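Colleague: give the three-dimensional model of this entry:
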Amino acid sequence: MFDHFTTMDIATNEVTIHLAKGGDGPPLLLLHGYPETHLMWHAVASRFAQEFTVVAPDLRGYGDSSKPFGKDDHSTYSKRAMAQDMIDVMAQLGYNKFFVVGHDRGARVAHRMTLDHPQSVQKLALLDIAPTYMMYQTADRLFATVYFHWFFLIQPYDLPEKLLENAPDYFVETALKRWSGTPDVFHPQVVEEYIRCFSDPATIHATCEDYRASATIDLQHDEEDMQQKMRCPLLVLWGERGFVGRKYDVLSVWRERAEQVSGQALPCGHFLPEEAPEETYQALRAFLLS
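Modeller: Numbering: from 1, shown residues only. Take a look at the predicted model:
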């Protein structure tokens, strides 16, 4: 599905990151969300590779990347640590400055990366998220109903792990269906890969730790630099049939966190690159090349 891409594993100081790389041009880092892998970009990656050098990794804990066991303070899966992975990977590939597009969990990693390494991120696009800190501060019944997993996955080890290990395929398929606006759009081969990766108990634990970190150490990091604004141009895209656009004035909340913000809703649910690949590609390309 990634025509003319090369897959490789790159060892950083802490983990080994699995990725696909292809194309020629300015470097573009694509970061996936939950409960997926880099394959979520399959419908747009080859098109971007016509004008960019595309790097599509599996985040720490996901896909075929390393899945270290989480520390008690959840720092193993802090967005700071996960962002540093990507900085290290791009440096080893020879890129010290690059474009970043992140969806869902990948967008939260990208947000932290842009705060911690502003010199590295040339432009940033965030897909279907509001800031983590704000989302926890504004949680209500609707939030808890739609994003139930935010509160389930952060339960202490190993309650969610044990439950998810009993039906990983059902959980992945249900998540894709509930959070999308077009549940029949997902490519069967890609869904099989999502299930293969998520069926590994180490992945289930790692992804729980990702969410536990977001409810603990990530919030501490956010509080420490709440007044720091992202300086690079920021594009925010969200699904018009998704939760984020219904709950938040997306442009306004991101203008509190960044100096240059543009964006729009797309005709889909949460999984923009898979549900609305043409619209997603066109919006991102126009932004990146402007």
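
Colleague: could you check how far the residue of the chain most remote from its centre is from residue 199?
Modeller: Centroid-distance maximum for the chain: residue 166 at 25.1 Å, with CA atoms, centre = their mean. Relative to residue 199, residue 166 is positioned 11 Å away (CB to CB, to the nearest Å). In short, each C-beta sits where N, CA and C put it, glycine included.

Colleague: cool, and residue 275?
Modeller: 24 Å.

Colleague: which one's more surrounded, those two?
Modeller: The neighbour comparison of residue 275 against residue 199 (other CB atoms under 10 Å) goes to residue 275, with 23 against 16.

Colleague: surely that one and residue 182 touch.
Modeller: Yes. Contact criterion CB atoms under 8 Å: residue 275 and residue 182 qualify, at 5.0 Å.

Colleague: joint contacts of these two?
Modeller: Common neighbours of residue 275 and residue 182 (criterion: CB atoms under 8 Å, 6 or more residues apart in numbering): 268-269.

Colleague: pLDDT weak spots in this protein?
Modeller: Scanning the chain for pLDDT under 70 picks out no residues.

Colleague: next, the residue most central in space within it: phi, psi?
Modeller: The chain has residue 106 as the residue nearest its centroid, 1.7 Å off, counting by CA atoms, centre = their mean. Phi and psi for residue 106, reported as degrees, to the nearest 10, are phi -60, psi -30.

Colleague: any idea how far it lies from residue 36?
Modeller: In terms of CB to CB, residue 106 sits 9 Å off from residue 36.

Colleague: now swap in residue 59 and tell me
Modeller: Taking CB to CB, one finds residue 59 at 10 Å from residue 36.

Colleague: just the helices from the stretch 1-150 of the chain, written as ranges.
Modeller: Using DSSP state H, counting those that start in this stretch, the helices of the stretch 1-150 of the chain run over 45-48, 79-92, 105-116, 132-137, 141-146, 148-152.

Colleague: and for the fourth one, what's in contact with it?
Modeller: Outside of helix 132-137, the residues that reach it under the criterion CB under 8 Å, 6+ apart are 79, 108, 111, 143, 147, 150, 214-215, 218-219, 222-223, 226, 248, 253.

Colleague: and that helix, how far out from the chain middle?
Modeller: 16 Å (CA atoms, centre = their mean, to the nearest Å).

Colleague: just to revisit the earlier point, so what's the residue farthest from the centre of the chain up against?
Modeller: Neighbours of residue 166 in contact, by CB under 8 Å, 6+ apart: none.

Colleague: now do the one 3 residues further on
Modeller: Contacts here follow CB under 8 Å, 6+ apart; on that basis residue 169 touches 195, 198-199.

Colleague: how about residue 277?
Modeller: 43-44.

Colleague: repeat that for residue 76.
Modeller: By CB under 8 Å, 6+ apart, the contact list for residue 76 reads 68-70, 209, 213.

Colleague: out of these, which end up buried?
Modeller: Neighbour-count burial (16 or more other CB atoms under 10 Å) applied to those gives 68, 70, 209, 213.

Colleague: the last one and residue 70, how far apart?
Modeller: Residue 213 sits 8 Å away from residue 70, going by CB to CB.
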